[in-house]
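Trainee: Okay, here's the prediction I keep looking at, along with the sequence it came from:
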Amino acid sequence: MPRRSVVLSFLVTLGLPLTAAASGVELRLGAFFPRAESTLFDDTSELFTADRDDWTEFSGGLEYTFRVAPKIHLGLHVDGYQETLHTSYRDFTFESGREITQSLKLSVVPLGASIRFVPIDRKGAITPYISVGPDVIFYEYEEFGDFIDFDTADFTGADVINDAFFSEGAAFGFHVSGGVRIPLNRDWSVLGEGRYQWAEDDMGDDFRGSGLDLSGFSGYFGIRLDF
């Protein structure tokens, strides 16, 4: 019996709708380009040698999709991004002239769902699609290294402390995306996708009072396995 027939028979046995059998798993790799327009990034750009463009870094994700209606698929995805910038103060140094250095680390994990419109909904065809959906975006932000105590009257080496500051949280947001799948055979395809997500949060912990912009563009290439 062909593999597809075996899968369909198994799904029928489980009592699942046949439309759910048109499903697949996508693995994608690319980069995330944070918008970085919030008070946190304003402060780090002003104090440290951390420009907004420096936050661009590798990103990747996994998505499971299945058909819920003709030309309409539902997708569930998880993605991950992490970047660490090694910086120094722009305007201050130790008395010796040595840079006062620290590291800034941001980790972002979007967990979300997509309603995907697939105008050409059949196996073996070049398949464009567009998607929209909600996200819960988990994040951690940390600064560690040497920092100036600006509450003191002067900025000598004695006013520099070694410390670490941390905040974590989750923000609700949404995304839109568009892409295309190009078949290699009946089961495997390659894909390209562009995605933009919107989310912001008011930070807590050591960064209480700062706003964190989690919005930005992601560009991906990947591979898909159809069931």
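Mentor: Yep, that arrived.
Trainee: Spatially nearest residue to residue 71 (excluding sequence neighbours)?
Mentor: Leaving aside its chain neighbours, residue 71 sits nearest to residue 121 (4.8 Å; criterion: CB to CB, 6 or more residues apart in numbering). Every C-beta, even on glycine, is put in place using the N, C-alpha and C of the backbone.
Trainee: ok so residue 42 is a helix residue?
Mentor: Yes. Assigned with DSSP: H, G, I helix; E, B strand; the rest coil, residue 42 falls within a helix.
Trainee: And for it, the neighbour number?
Mentor: 15 (other CB atoms under 10 Å).
Trainee: give the contact list for it.
Mentor: Residues near residue 42 by CB atoms under 8 Å, 6 or more residues apart in numbering: none.
Trainee: Tell me the spacing between it and residue 168.
Mentor: Using CB to CB, to the nearest Å, one obtains 21 Å as the distance from residue 42 to residue 168.
Trainee: cool, residue 177 as well?
Mentor: In terms of CB to CB, residue 177 sits 26 Å off from residue 168.
Trainee: May I see the buried residues of stretch 77-92?
Mentor: 77, 79, 81, 83, 85, 87-89 (16 or more other CB atoms under 10 Å).
Trainee: try stretch 178-194
Mentor: Buried-residue list, stretch 178-194, by 16+ other CB under 10 Å: 178-179, 181, 183, 189, 191, 193.
Trainee: Also stretch 113-120?
Mentor: Result for stretch 113-120 [16+ other CB under 10 Å]: buried residues 113-114, 116, 118.
Trainee: Who are the packing partners of the longest strand along the chain?
Mentor: When the chain is parsed with DSSP state E, its longest strand is strand 160-183. The contact analysis (3 or more CB pairs under 8 Å, 6 or more residues apart in numbering; DSSP states H and E) places strand 160-183 against strand 99-117, strand 127-148, strand 188-198, strand 200-202, strand 211-213.
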